[in-house]
Structure formats: C-alpha cells, structure tokens
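> turn this into a model:
(one chain, ligands or ions: 1)
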Amino acid sequence: MRIIEVKTRTKEELIDITSKVKEEVAHSGLKNGICYVYIPHTTAGVTINENADPSVKEDILMTVKKLVPEDLPYRHSEGNSPAHVKASLVGSSVNVIIDEGELLLGTWQGIFFCEFDGPRRRRAYIKASSF
Ligand code: ZN
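Numbering: from 1, shown residues only. You can find the predicted model right below:
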C-alpha cells in the first residue's frame, strides 16, 4: 500500500490525484486486479469525474455548496458540520479495475481528492490488489 500526501490550499477544492494512483498501479506490477483509493478523513473525500474540462470540478463544488447550507442549526461543536456532511455525500473511497496493468478509467475520467475543510495536510491510501 502507498500513502500519498495531499496538501490542500483552500477551504474547498478538488485535486486530481489520478497520476499518483497510476504510479502506484505501475509500481505494484499488477496486471489484473483492483485499485482501492481510500481517504482517512472525516471532512474530505474522493470522487471520480471529468478531468478534461476544469469547469466540471468548479460546478461540482458549487452544487455541493448549494446542497449543504452553512447556516443550518448544526450541533457539532467544532463548527465544521457542513464539511462533514459534504465528505459523507461524496464518500471516502473509490475502486477502479486494473486491466493489463492499466486503470480502467473512462477517457474523460479522473480521480479527485475532495477537500471540504482546508487548507490542510491530507492523506490518501492507495492499494493495488489482485482479485
Ligand atoms: Zn468536526
């Protein structure tokens, strides 16, 4: 397993980590299997979406912001409940099939680390495994 560090620079952002995941798959030497990407945080997550047009990640952030209001009567005393809710909405893990040593992502797909309570030093766990 590889642990990668993700340094986020703003409160909310999507960071493309596809190349780092591909590096781990190449490093594993695995021809066929599955690659797990897991985010061990409660106010950050991971998602797969378009990485060709950078506006898509902006649209995702804008929509998630709209879905999760800042001004609800949240009870969590740390004051970052919207970030916890957003992290649960996107989820903590994605899995991608490895076929002939390559991640089976669609042409326009990328893997994005999703920060909702930055800036922080974050981690992602990446594990390539046979079936
Ligand atoms: Zn909290």
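> C-alpha only now, for contacts and for neighbours.
Will do.
> longest single helix anywhere in this structure?
Secondary structure of the chain per DSSP state H: the longest helix is helix 55-67.
> and it, how far from the chain's centre?
14 Å (CA atoms, centre = their mean, to the nearest Å).
> specify the angle between the helix or strand following that helix and helix 55-67 in degrees.
Scanning forward in sequence from helix 55-67 by DSSP states H and E, the next helix or strand is helix 81-90. Between helix 81-90 and helix 55-67, the angle comes out at 120 degrees (axes from the mean of the first three to the mean of the last three CA atoms, to 10 degrees).
> is the ion contacted by helix 81-90?
No: figure legend: helix 81-90 not in contact with the ion (CA under 5 Å from the ion); closest approach 5.9 Å.
> assign a three-state SS to A52, would you?
coil (DSSP: H, G, I helix; E, B strand; the rest coil).
> same deal with T47?
Quick answer, by three-state DSSP: T47 is strand.
> how many neighbours does it have?
19 (other CA atoms under 10 Å).
> for the closest residue to it other than its chain neighbours, which residues are in contact?
Spatial nearest neighbour of T47, excluding adjacent residues (CA to CA, 6 or more residues apart in numbering): F112 at 5.3 Å. By CA atoms under 8 Å, 6 or more residues apart in numbering, F112 lies in contact with L14, I15, D16, I17, T18, V46, T47, I48, N49.
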